[in-house]
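Novice: Below are the sequence and a predicted model; questions follow.
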Amino acid sequence: MSRHSFPAFRFLQRLVACLLICLSTAIALPVFAAEQPTELLIGIEPEHNIFDQMQRYRYLASYLSDQLGVKVTLTIMSRYGEVIKRFKSRKLDGAFLTSYTASMGIKDLNLEPIANPVNLNGEFTSQGYLFVRKDSEIRTVQDMAGKRIIFVDPATMEGYLFPLAYLEQHGIRNINKFFTRFDFSGSDASSIFAVLDGRADIGSAKNTVFNNLIHNDPSIRQELDILAQSPRIPEITLCIRNEIDLYLQAKLVNVLLQMDKTAQGRKVLEQFKALRFVKSKKTDFAVIEEMAQDARAAIAEHGK
Amino acid sequence: MKKKIIISFLVLFLLFLTGIVTTLHIINKTTSNLSSLLLLHKVEVIRQDLVINVQTVQSNLYTTGTSFGKELDTIVDNVLRLDDRAKTCTDCHHEPAVEKEILQLQGLVAQYKDALSFFMTSTADAERIKRLQVFAVDIGDRIIAKSQWMAIDANEALRKKTTAAMTEVVYSKRILIGTLAFSFIVGVLISLYFIKSITGPVAKLLAATRKIKSGKLEYRIEEKLKDEFGELAESFNEMAVSLKNQCNQLQATERLVVVGELAAGMAHEIKNPMAGIKVAMEVLYREASLDQEDKEVLSRVINEIDRITALLKGLLNYARPPKPEMVSLDVNQLLELTIKSARYALQNQKNKGKESDKQVQFVRDFNPDLPHIIADPGQLQQIFLNLILNAIDAISSITDRQGVITLQTKRTSDDLVQISITDNGKGIESSSLEKIFNPFFTTKPQGTGLGLAITKRLIEQHHGGRIVVANNPEGKGVTFTISLPVHHIE
């Protein structure tokens, strides 16, 4: 009896082991499958002209779809801060983010910065300008008291965080009291035009947009005076959710960094109006955190 | 006729070529018009599409921020589609004025995109946003107005182009029908002309052929026919003349054959009684009781009986020539034998004292490579001997020069063996040459006139054999030339 029961016990053991392996595989497979998306939904923050911007990004999306074997779909945000909400509702797999939203995303959503596009001037960083009309007689922070200021969007480093931090450094915490009025233009260009048109006395904007407008109309430079400049921060960063398959992340990084090495990639870069992509890292955004610390009181005051 | 046919075909070919070229030109023109119309229709569609796109974006613009509002991505797609449509307008070639309008339209679209972008992304206060919206809507309305005006303009151009194209199509159709009708009429006229030109003369030739067939060999085509038919009618008349002559000759030959048969029958019947008479005369001649004068009379009777017998023999040979026994033989060898026989005959004549003592020289001009022929050696030797003896007779009358008989053999280019026997006698009068082979024609007082007739008959019994006679060019003597086919050994 014992002679026969021993092999039966071993068989039972083996059967249970097999069942456990099968069960664990069955549980693990859907999880694994969930992290192998067939489509990557990439968000874009609004810049100068959302239509031209979308057209540029579509060339890149098409190229990435071909290279990754995963369909890359684009969606554009109407506001700078909207992209963070979309990540939170898990509707986005990644996004091309401006520096402040990238910083927020890395901090709050644990997004992974992948790469930065290098623009046609060979730069991948940008900085914020605080500017006034030359005829405004505003030359210092004290001169700004009782004037109208226009920000770009609460989710921008150049158009909101930097001016708040700058003002904080100069002892201005309550902008409601310091200025007679403050507004958000929605875009850097609108902010510049608001100051030029006299709808605001002080404006903040990204240097790349500022320089681009001057390039198109040099008279603007004669009319505006830059009072302060922020440190340089990566202008646009592709950030993706950390949950995305590591292999796909690595492949995405590789495709982007190797783009300028192939004729097809260079053609797409030309259409995308960039020279190449460079590797991005989390430490690039440390300075934004410092600015956020400086502007914490003002942000707490005005929300957003 | 040949020239006329070639010219007519060339005319028809040129007409059809003209027709084809005209048709191709018309097809090309019509296709070009259709392409132009299609292009205008395409332009019309593009402009209508542009208006629809702008209206769609305008509706997106109005409903933005409401519960009917579309998502931003949808609006972006619509605006990009609108932009594509606006850019498509410059893909075609336009008049400078239209080109200017299109560029203005594209400029408006660019402004519209900027205004929309400002409006969509603005975070300013409601008043400012409303102002941006109105600004964008205003540009959109201007685009619609401009597009509709351009669409009306394009419609007008399309209507004009369609009318012009239709007029051209009708005109082209008339040209095509005219060309085809003209080609058809010319083709029919040419055909009728040829039918008349060919069937008329052919009918006349057919009628003439039927007349000849019915035995009216004297019928001639008197009418002057045109072109090759004239030549044909001439040949036909010549053929009728030739046919008539041959018919006459045939009738004469048939008559001769009948007479010959009759003569041969009679000769055969006469020969036996003549033999009996001759024997009786010879018995009487040997009677000793007869005086010398009577014996001489009997001798002359016997001689005349011999002559009659010889004549009858010749007549029989001519009327019923013996059937030749054909063998392959060497003509040169046979001629050599014949010369020996002739010499022997000549010596016998000398012995009898009937001929002069003059020496006859035989000149041999034989081709050593002469091929064999198929002939009856006995008959051929008889022929040669007869001709040589005639030549000896011919030269016996001359006194001023040595009598020479030249025998020549050669092979001709038309594969015949030619044997010529030439004497240097006084020759034959040209009037006699034509009749020399006729039976009973002779220039000799003692001749029967059957020798050459039999010779010709025997030669003609050999397949393809023929004999001709001609006076020598220097006027000294005659030449008989016999032609016989070469024997090819298989």
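Specialist: Looks like it came in fine.

Novice: Please make it C-alpha for all contacts and neighbour counts, starting now.
Specialist: Fine.

Novice: Excluding chain neighbours, give the residue nearest to B:Glu168 in space.
Specialist: Closest residue to B:Glu168 apart from its sequence neighbours, by Cα to Cα, 6 or more residues apart in numbering or on different chains: B:Thr30 at 7.8 Å.

Novice: For that neighbour, grab the count of nearby residues.
Specialist: With neighbours defined by other Cα atoms under 10 Å in any protein chain shown, the count for B:Thr30 comes to 17.

Novice: ok, now B:Ile392?
Specialist: 23.

Novice: now for chain A, which residue lies nearest the mean position of the chain?
Specialist: A:Leu97 (1.4 Å; Cα atoms, centre = their mean).

Novice: And the strands in the chain, which stretches?
Specialist: Chain wasn't specified; assuming chain A. Under the criterion DSSP state E, chain A contains strands at A:39-44, A:71-76, A:94-98, A:112-118, A:125-126, A:128-133, A:148-151, A:181-184, A:202-206, A:224-229, A:233-234, A:236-240, A:276-279.

Novice: ah, I was thinking of chain B
Specialist: Under DSSP E, chain B gives strands at B:327-329, B:360-365, B:373-375, B:403-411, B:416-423, B:466-471, B:478-485.

Novice: picking up where we left off before, tell me which of the strands of chain A sits most buried.
Specialist: strand A:202-206 (a mean of 30; mean count of other Cα atoms under 10 Å in any protein chain shown).

Novice: Over in chain B, which residue gets nearest chain A? Let me know.
Specialist: B:Ser122 (4.0 Å; Cα to the nearest Cα).

Novice: Identify the spatial nearest neighbour of that residue, chain neighbours not counted.
Specialist: A:Gly186 is the one closest to B:Ser122 (Cα to Cα, 6+ apart), at 4.0 Å.

Novice: Buried deepest among the strands of chain B, which one?
Specialist: Of all those, strand B:416-423 has the most neighbours on average by mean count of other Cα under 10 Å, namely a mean of 23.

Novice: quick one, that one and strand B:478-485 angle?
Specialist: Interaxial angle, strand B:416-423 versus strand B:478-485 (axes from the mean of the first three to the mean of the last three Cα atoms, to 10 degrees): 160 degrees.

Novice: Strand B:416-423 pairs with which strands, parallel or anti?
Specialist: Counting by DSSP bridges, the strands paired with strand B:416-423 are strand B:403-411 (antiparallel), strand B:478-485 (antiparallel).

Novice: Distance to B:Asp83 added to those strands, as CSV?
Specialist: Output for the strands paired with strand B:416-423, formatted as CSV (distance: least, Cα to Cα, whole Å):
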stretch, distance to B:Asp83
strand B:403-411, 104
strand B:478-485, 104
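
Novice: Redo those strands as TSV? Include mean pLDDT.
Specialist: Output for the strands paired with strand B:416-423, formatted as TSV (pLDDT from 0 to 100):
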stretch	mean pLDDT
strand B:403-411	93
strand B:478-485	92
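
Novice: Identify the residues contacting the residue nearest to A:Glu47 when sequence neighbours are not counted.
Specialist: Sequence neighbours aside, A:Ser187 is the residue nearest to A:Glu47 in space, at 6.6 Å (criterion: Cα to Cα, 6+ apart). Contact partners of A:Ser187, counting by Cα atoms under 8 Å, 6 or more residues apart in numbering or on different chains, are A:46-48, A:152-153, B:118, B:121-122.

Novice: do that again at 7 Å, thanks
Specialist: Applying Cα atoms under 7 Å, 6 or more residues apart in numbering or on different chains, we find A:Ser187 in contact with A:47-48, A:152, B:121-122.

Novice: Next: B:Arg220.
Specialist: B:Asn237.

Novice: next one: phi and psi at it?
Specialist: phi -130, psi 150 (degrees, to the nearest 10).
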